[in-house]
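Asker: Turn this into a structure:
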Amino acid sequence: MSSNIPSWVQLCVTLAPAAAWVVFASPIPTIQQISRDKAVGGLPLLPYSSMCVNCVLWIVYGVLKSEVAIVRANVVGLVLGAYYFYVFREHCPANAASLPGTMTQHVQGMVGIVTFTLILAASLSRDTAAELIGKIAVFFCMVMFASPLSVLRDVIMTKSAKNIPLPFTLASTINCFLWSVAGVLAMNDFNVYFPNLAGLSCCVAQLTVIFMYGHGDKKDASEVELPLTR
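Answerer: Model prediction:
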């Protein structure tokens with residue numbers, strides 16, 4: 001990293017790691033609400049399953065690249081993500097199929113991706129494995145940031161953004177901005193700036209929807225007037 005970068009860029013680089021911790025902790029109010037209500041309502045599981053997968057990928061990538069900071073941050077994220085997933089699963093209806101998908105599909109997908117990642121790390125050379133797993137991690141990082149948009153159709157139909165978690169979206173916006181600045185202006189690292197620029201765009205879209213529709217009470221599905229179909 002160049003030593004002559006602007007002071008504001010250096011500040012972003014310094015704050016970016018702490019911002020990741022805030023993102024991982026931001027779903028806590030939502031999870032506490034689920035525990036109190038003993039129901040998940042219309043909330044999606046995808047933010048928490050993708051968080052678990054994302055953290056495993058970055059932990060393996062960090063080990064392969066000998067980046068202790070990446071490993072340390074994502075170990076905490078994995079522990080929190082596993083806790084969120086557990087609480088959600090405890091209070092999710094057994095026949096839920098709009099998470100999106102089912103609980104079983106989420107579990108199978110997580111196990112499959114983690115197994116595939118470990119096989120790559122064990123069977124390929126260190127550099128090759130790091131490059132490939134890094135690109136996979138970039139993809140899932142983008143999925144994690146965009147996952148609240150999985151309920152966008154429901155938001156439009158009900159005129160309420162209640163099911164887009166605001167704490168997670170705000171924390172993600174700050175996190176993506178800091179890492180985008182660091183990745184472009186300080187590190188020039190594709191694996192850092194690309195997913196965060198994409199994530200920043202998703203966060204802005206989510207905040208726009210929240211601003212448009214607010215977090216008012218969600219209408220019952222029976223109250224939503226559906227368009228006529230042939």
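Asker: can you pull out the helices in the chain?
Answerer: Along the chain, counting by DSSP state H, helices occupy 7-25, 28-37, 46-65, 68-91, 103-123, 126-146, 152-158, 166-181, 190-213.
Asker: do you know how far the nearest residue to residue 137 once chain neighbours are set aside is from residue 96?
Answerer: Of all residues not flanking residue 137 in the chain, residue 57 sits nearest, at 3.8 Å (CB to CB, 6 or more residues apart in numbering). No exception for glycine: its C-beta is placed from N, CA and C like everyone else's. Residue 57 sits 26 Å away from residue 96, going by CB to CB, to the nearest Å.
Asker: Low-confidence ranges, this structure, go.
Answerer: Residue ranges of the chain with pLDDT under 70: 1-3, 97-99, 143-150, 215-230.
Asker: let's go with 80 and repeat that
Answerer: Scanning the chain for pLDDT under 80 picks out 1-4, 17, 42, 66-70, 72, 94-100, 140-168, 187-189, 192, 214-230.
Asker: Surely residue 15 touches residue 178?
Answerer: Yes: contact status for residue 15 versus residue 178: in contact at 5.5 Å, counting by CB atoms under 8 Å.
Asker: how near is residue 124 to residue 57?
Answerer: To residue 57, residue 124 is 15 Å away according to CB to CB.
Asker: oh sorry, the question was meant for residue 108
Answerer: Going from residue 108 to residue 57 by CB to CB gives 17 Å.
Asker: Then residue 151?
Answerer: Residue 151 is 24 Å from residue 57, where distance means CB to CB.
Asker: And for residue 64?
Answerer: For residue 64 relative to residue 57 (CB to CB), the value is 11 Å.
Asker: In terms of neighbours, single out the busier of residue 108 and residue 57.
Answerer: Between residue 108 and residue 57, residue 57 has the larger neighbour count (other CB atoms under 10 Å), namely 23 against 12.
Asker: Give me the neighbour count for residue 197.
Answerer: 16.
Asker: so what's it up against?
Answerer: Shown in contact with residue 197 (CB atoms under 8 Å, 6 or more residues apart in numbering): 176, 180, 183, 184.
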